[in-house]
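Undergrad: sharing a model prediction with you, sequence too.
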Amino acid sequence: MIDLHLHTTASDGTWTPEQLVTGVVAAGVQVFSVTDHDTTAALSAVATLAARHGLTFVPGIEISAIHDGHDVHLLGYAFDPAAASLDDLLRTLRAARITRVGEIAGRLADLGAPIDVASLEHAAQRQPERSIGRPQVARALVAAGHAATVDEAFDRFLATGRPAHVTRRSVSPADVVSAIGGAGGIVSLAHPGLLRRDDWVPWLVTQGVVALEVYHSSHDRGDEQRYRALAESMGVAVSGGSDDHGPASGRPPSLGTVGLPRDDYEELRRCARRHGCCQWPE
Ligand code: AMP
Ligand code: MN
Ligand code: MN
Ligand code: MN
């Protein structure tokens, strides 16, 4: 199985690199990528563990861009994590995340649902290479007894349109494409079924997005068929992965249940090569 969308404790996942690789092996995944939000902090540890287990590991990232008030999640693959221009962008985005979590916590306090935001902020300042976001706030709301589950915390407080939601400050999709491209990688549009703006896909392709994430744990068969047809009509490649965030993340486990077919993976790799990407593993 091939899974190109996974998270670790470097962002909002609950798997450490060791636990993730153990889980990947147990699920029968042979080719995988780690795509933490706005950080590459886990990549070198995971790459070392993957090599030890004979697994193929593609360096990845999920960057939250913004367009017309909507978060647009973009997956970057096979870039050089040490590239300075990419690193500069990621530092800026992680700093904006810390500010945003502080603002969300302020709203929660006003709403009578205070959380221990100081410990979240201290952890983020101690380890600035890791990113924080709403899932950690949701877990803090559960810990403080203000919500029974992570889902309830999003539904009541944190989701778009809910009272503690704070608009993200981020860069455009074109800026993300330029940072990933400058680091030698390619960009796929994450979970278009969650974005629900199919009408933006042609525009995103003109901005340099070269693949669509057709396979994702939130997509049903109808979504897969629709996005495959859209990818074909746009002449872009297909990516896919579970988006598993680990046990205790408050989301149903999906590792090993969603994968990218081998033919699509090979086509994605050819697409990367055509775009001058030289970091894709054999
Ligand atoms: P942020 O990066 O702070 O905008 O938080 C977005 C992340 O929250 C996503 O990557 C998901 O992991 C998670 N998320 C978004 N919506 C929900 C939800 N309704 N329930 C649980 N997790 C969610
Ligand atoms: Mn996430
Ligand atoms: Mn996402
Ligand atoms: Mn994700």
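TA: Noted; the coordinates are in hand. Ligands and ions are numbered 1, 2, ... in the order given.
Undergrad: for the chain, what lies in contact range of ligand 3?
TA: 73, 190 (C-beta under 5 Å from the ion). Backbone N, C-alpha and C define where each C-beta goes, glycine included.
Undergrad: touching ligand 1 at all, the helix or strand of the chain with the lowest mean pLDDT?
TA: Least confident helix or strand of the chain, by mean pLDDT, DSSP states H and E, is helix 117-126 with a mean of 93. No - on the criterion C-beta under 6 Å from any ligand atom, helix 117-126 is out of touch with ligand 1, staying 11.6 Å away.
Undergrad: ditto for stretch 189-203
TA: No - Stretch 189-203 lies out of reach of ligand 1 by C-beta under 6 Å from any ligand atom, never closer than 8.3 Å.
Undergrad: ok now that stretch, how far from the chain's centre?
TA: 15 Å (C-alpha atoms, centre = their mean, to the nearest Å).
Undergrad: need the next SSE after the least confident helix or strand of the chain, C-terminal direction.
TA: helix 134-143 (DSSP states H and E).
Undergrad: now do the buried residues in whichever helix or strand comes after that following helix.
TA: Sequence order places helix 150-153 as the next helix or strand after helix 134-143, per DSSP H and E. For helix 150-153, burial by neighbour count (16 or more other C-beta atoms under 10 Å) applies to 150, 153.
Undergrad: contacting residues around helix 150-153?
TA: By C-beta atoms under 8 Å, 6 or more residues apart in numbering, the surrounding residues in contact with helix 150-153 are 135, 137-139, 141-142, 146-147, 249-251.
Undergrad: equivalent analysis for stretch 15-34, please.
TA: In contact with stretch 15-34 (C-beta under 8 Å, 6+ apart) are residues 1-10, 13, 42-43, 45-46, 49-50, 53, 55-60, 77, 241, 244-247, 255-256, 259, 265.
Undergrad: do any residues in that stretch lie close to ligand 4?
TA: No - using C-beta under 5 Å from the ion, stretch 15-34 stays clear of ligand 4, coming no nearer than 10.2 Å.
Undergrad: now stretch 231-249
TA: Yes - judged by C-beta under 5 Å from the ion, stretch 231-249 comes into contact with ligand 4 at residue 243.
Undergrad: residues of that stretch that come out buried?
TA: Buried positions in stretch 231-249, judged by neighbour count with 16+ other C-beta under 10 Å: 231, 234, 236-246, 249.
Undergrad: JSON lines please, covering the residues you listed and showing pLDDT and secondary structure.
TA: Shown next, in JSON lines, are the buried residues of stretch 231-249 (pLDDT from 0 to 100; DSSP: H, G, I helix; E, B strand; the rest coil):
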{"residue": "231", "pLDDT": "98", "secondary structure": "helix"}
{"residue": "234", "pLDDT": "97", "secondary structure": "helix"}
{"residue": "236", "pLDDT": "98", "secondary structure": "coil"}
{"residue": "237", "pLDDT": "98", "secondary structure": "strand"}
{"residue": "238", "pLDDT": "99", "secondary structure": "strand"}
{"residue": "239", "pLDDT": "99", "secondary structure": "strand"}
{"residue": "240", "pLDDT": "98", "secondary structure": "strand"}
{"residue": "241", "pLDDT": "98", "secondary structure": "coil"}
{"residue": "242", "pLDDT": "98", "secondary structure": "coil"}
{"residue": "243", "pLDDT": "98", "secondary structure": "coil"}
{"residue": "244", "pLDDT": "98", "secondary structure": "strand"}
{"residue": "245", "pLDDT": "98", "secondary structure": "coil"}
{"residue": "246", "pLDDT": "97", "secondary structure": "coil"}
{"residue": "249", "pLDDT": "90", "secondary structure": "coil"}
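Undergrad: give me the subset of those residues that also touch ligand 1.
TA: Answer for these near ligand 1 (C-beta under 6 Å from any ligand atom): residue 245.
Undergrad: and which of the buried residues of stretch 231-249 is nearest ligand 3?
TA: Nearest to ligand 3 among those is residue 243, at 6.5 Å by C-beta to the ion.
Undergrad: okay, now the spatially closest residue to the closest one that is not a sequence neighbour: neighbour count?
TA: Distance criterion C-beta to C-beta, 6 or more residues apart in numbering; nearest residue to residue 243, sequence neighbours excluded, is residue 5 at 4.7 Å. Residue 5 has 28 neighbours, counted by other C-beta atoms under 10 Å.
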